[in-house]
Structure formats: structure tokens, C-alpha cells
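1. Need coordinates for the below:
(one chain, ligands or ions: 1)
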Amino acid sequence: MSHYFYQPEYFSKFRCLGGECPVSCCDGWNVYWTKAEVAKLKGAEMPDELRKMIEDNFELTTKGIPETVTDEQDKEQYVIRLCDDKRCPFHERGTDLCMIQRSIGEENFGVVCGLYPRRRFMMQDNGIISSCSSSCPAVLKLLLHDKRAAKMESIPITTVREIQAVHTDAERKAAPAYLKFRKDLIEYYSYVFTSDITFEEAMLMGAIAAHNFSDPRNQNDLPQCVDIIRKEVGVKDVHRITDKIAPVYMSKYNIALSLLYKLSGKEKDFLPVDISVMSDGEKFDTEKYLEGKEKFLEKLPGGDRGLKNIAMNMFLDIFVHIDMSEYSFFAFYLYFSACMAAVALLAYTAGYANENTEADFIASVSLFSRSVSHSSAYIKPTLEYLEKYGTETVNNVASFIK
Ligand code: SF4
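-> Okay, the predicted model is just below:
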């Protein structure tokens with residue numbers, strides 16, 4: 001059984017935007033259905049036209065099956081054959097609605113179609129953490145407008161289902177690292193939520209910590225770095241410290257981002273999509289950054305809390321499911337700081353470059369998140385987006401090709 005269950009407050013408020021969605025999730029991805037799900041679908045009452053489409057567009061494949069599957073029956077699954085323009089054939093042109101859902105209801109969906117953007121992570125100590133993907137515009141809207149949206153709440157476990165636990169109870173108790181993981185995640189979350197430090201102060205604090213961490217003299221001395229961050233977060237006059245390294249935003253950003261990749265093992269030199277509009281090669285334009293920031297925050301009700309929410313969600317979205325049991329509060333803080341750096345650049349670039357700031361920001365975070373964590377199929381629409389706003393550069397193209 002599970003030992004705890006946490007989810008952000010926005011999780012239960014999520015509603016799909018349907019035909020109003022600017023970047024529908026029904027296109028560009030390989031969507032897999034199990035044999036049992038397709039059998040159930042084919043068994044439903046439906047118009048002949050839809051039945052024929054189902055016969056024509058579900059294809060058996062061995063792709064996407066984990067190597068651990070040994071049962072011959074489960075070594076094949078179905079994938080929906082995408083149209084030439086990579087659109088799902090059931091994604092109706094004109095209405096932008098799903099034909100299967102509209103005709104016979106979502107109770108006939110495969111798990112993948114019904115689940116996105118929700119995610120549930122079974123942690124190594126048998127706890128569960130839920131969140132929604134930052135690539136969905138409906139999720140981003142909730143995170144921007146509801147101050148408490150990313151606050152974690154503890155959900156009472158009312159139904160106990162038999163699940164295959166990763167560790168037995170005895171093993172779990174023998175592994176203090178797992179208990180520490182849970183404690184640190186919650187401590188980290190409550191720190192970020194209850195503290196009155198601003199979005200940017202939090203990012204700068206993380207950068208200071210990252211800077212200390214990236215100093216070779218400190219790498220074997222993590223406790224000292226933890227002490228630094230703990231001491232600094234207790235200081236009200238945070239500007240006293242952050243001003244010392246402001247306004248070198250690019251270096252803070254680089255430190256935070258390279259640390260993020262170092263810890264996650266991801267591609268080291270991948271740059272967020274819009275960064276080039278804020279820089280000229282290596283030189284970062286602080287004035288443009290500040291102008292973009294002002295314009296963005298002017299249009300965002302509730303100040304920068306929405307950005308903090310999105311950074312926290314990105315952190316959950318991309319990193320929590322990686323085995324982080326050996327990391328600490330400090331490491332979480334650095335991850336979060338790097339996510340903040342990416343979100344700040346996307347937000348303030350949208351503020352600087354575009355008139356309709358919020359919609360542009362949502363589109364850029366959504367595409368960035370899809371390109372990084374879902375599928376390379378999103379590289380093309382992301383480049384089209386950049387081109388539309390005149391922010392495509394050789395740098396961006398190169399980083400996407402990488
Ligand atoms: S991306 Fe989100 S809002 Fe858009 S269609 Fe998918 S679930 Fe709905």
C-alpha cells in the first residue's frame with residue numbers, strides 16, 4: 001500500500017480547454033493503446049463511419065513496449081496512425097474536438113488519451129505524488145491565476161488497492177534515504193510556499209547556492225552550502241546579498257541551468273527557446289530583461305506568484321520522477337532555481353517581444369516543455385512559433401537540432 005499521497009491544489013481543478021486550446025495535445029505524439037483497450041473500443045456501439053476510421057487507423061506495433069515485459073500477449077500494442085501533417089486522425093478539423101469522445105464518450109478512451117496532462121508518480125518509498133504537465137495551456141492558466149495552485153496538499157488515502165510495491169515495508173524502513181527524500185521534498189515545498197521572498201529573489205538565492213556548489217573548493221563540502229542557503233533564506237533583507245551579484249543575470253542563469261543538467265544528466269548545452277531575443281551572442285541584455293519583466297508583471301494579476309507556481313510545477317513535471325532519493329533539500333532548491341531561471345527568461349522575453357504577453361508566454365512555456373520532456377515532434381512548431389515572433393536565430397535552430 002502507499003504511505004503518503006501529495007498533489008498540488010490545482011490538480012482537481014484542471015479542465016481541458018477543448019476546441020479553444022492553442023496547442024492541442026492531440027497532435028504530434030505517438031499515442032499507444034493496449035490490446036484490451038482497443039478491444040473495448042471496438043465493442044462499443046458507434047456510427048459506421050467512426051468504426052471504419054478505427055479499423056483503418058489503429059496499427060499493431062512492438063514499439064514503446066518496455067523490455068521488462070515478458071508475456072508474449074503484451075509484447076504488442078496499438079498506436080494511432082497520424083495523418084501526414086502529424087495530426088491525430090480522430091482530432092476533428094473545424095471543431096478541434098475528439099471524434100471518439102464526442103461520439104461514444106471518454107469512458108471508451110485508452111489510458112493515455114484520458115490521462116494527459118495528469119501524472120502520478122509512484123515514489124521509491126511507495127508514496128504517490130501527482131501533478132499535471134507544464135505543457136498544457138489549461139494547466140498554465142491555473143498556475144498563473146491561482147496563487148495557491150502549486151501548493152501541495154496531503155490527500156487522505158481512502159481506497160487501498162493492491163499495488164506492486166517497489167519495496168517491502170521492511171526494506172523501506174531499512175532505507176533512510178527514501179524517508180529523507182519525502183521529508184526534504186515537503187520541507188522544500190513548504191519553504192518556497194510560506195516564504196515571502198519574491199520570485200526573483202528566490203532565483204538569485206538559488207544561483208548563489210549554485211555558485212557555491214559549482215566552486216570546486218565546495219563540491220566536497222555540501223553541508224557548508226546547505227548552511228549558506230539555510231542562513232540566507234532566513235535573512236529578510238535579501239537584496240543585500242542578491243545585489244552583490246546582480247545584474248549579471250546571464251551568469252546566474254548559466255550556473256543554475258548547467259547545474260540542472262549536471263544533476264539530471266540531460267543534454268548539457270540545450271538553451272530555452274527564446275533566450276536569443278535577450279542576448280547578442282554571449283552578451284546578455286539586462287535592459288531588455290528588465291523592460292520585459294516590467295511589461296510582463298504589469299499584465300499578470302497577482303504579481304510573480306504565478307511564475308513561482310509554474311517553476312514549481314516544472315520542477316515536479318520534469319524532475320521528481322527521476323530517482324532523487326539521494327538528493328537533499330539543497331539539491332531540490334537548486335533544481336527549482338534552474339526552473340525559475342528558465343521560466344523567468346521565457347516570461348520576460350514574452351513581455352519584451354510581444355503585445356499579448358500572457359498568451360505568448362503560455363505558448364512558449366508549453367512548447368518548451370513539450371520539446372524538452374515529450375517529443376522532438378514539437379521542435380518544428382516551436383521553430384514556427386519563434387519565426388512568427390521574429391525570435392528565431394541560428395542559436396535557437398542549433399540548440400534544437402542538438
Ligand atoms: S493541451 Fe491541455 S487544454 Fe489543450 S487539448 Fe490537451 S488537455 Fe486540453
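2. V23 is in contact with A363, isn't it?
-> Yes. Under the criterion of CB atoms under 8 Å, V23 makes contact with A363 at 6.4 Å. Every residue, glycine included, has its C-beta placed from N, CA and C.
3. Looking at the two, which one has more neighbours?
-> More neighbours surround A363 than the other of V23 and A363, with 23 against 19 (other CB atoms under 10 Å).
4. Pull up the gap between S364 and K86, please.
-> Distance, S364 to K86, using CB to CB, to the nearest Å: 20 Å.
5. which of those two has more neighbours?
-> S364 (25 against 14).
6. Which helix or strand contains that one?
-> Using DSSP states H and E, S364 maps to helix 357-373.
7. Would you mark the buried spots in that helix?
-> Buried residues in helix 357-373, defined by neighbour count with 16 or more other CB atoms under 10 Å: 357-358, 360-373.
8. Do you have the helices of the stretch 301-402 of the chain handy? List them.
-> Under the criterion DSSP state H, counting those that start in this stretch, the stretch 301-402 of the chain contains helices at 305-318, 329-353, 357-373, 379-388, 394-401.
9. Let me know the distance separating the nearest residue to N313 once chain neighbours are set aside from P8.
-> In this structure, N313 finds its nearest non-sequential neighbour in S134, 5.1 Å apart by CB to CB, 6 or more residues apart in numbering. Distance, S134 to P8, using CB to CB: 11 Å.
10. Help me confirm that K75 comes into contact with I65.
-> Yes. Between K75 and I65 there is a contact at 5.8 Å, judged by CB under 8 Å.
11. Who has more neighbours out of these two?
-> For K75 and I65, the more surrounded residue by other CB under 10 Å is I65, and the numbers stand at 13 against 10.
12. right, and that one touches Y78 too?
-> No. Here I65 lies out of contact with Y78, judged by CB under 8 Å, at a distance of 11.5 Å.
13. For G18, grab the count of nearby residues.
-> By other CB under 10 Å, the residues close to G18 number 14.
14. need the contact list for it.
-> Taking CB atoms under 8 Å, 6 or more residues apart in numbering as the contact definition, G18 lies against D96, L97.
15. Residues of this structure that sit close to the ligand?
-> C16, L17, C21, S24, C25, Y116, P117, C136, P137, A138 (CB under 6 Å from any ligand atom).
16. Among the residues you listed, which lie within strands?
-> Counting by DSSP state E, the residues of the chain next to the ligand place none of their members in strands.
17. thinking again about what came up before, mind checking pLDDT for the residue nearest to N313?
-> With respect to pLDDT, S134 has a value of 88.
18. Who are the contact partners of it?
-> S134 makes contacts with L140, L143, I310, N313, M314, D317, I318, V365, S366, S369, as judged by CB under 8 Å, 6+ apart.
19. try 6 Å
-> Counting by CB atoms under 6 Å, 6 or more residues apart in numbering, S134 makes contact with N313, M314, D317, S369.
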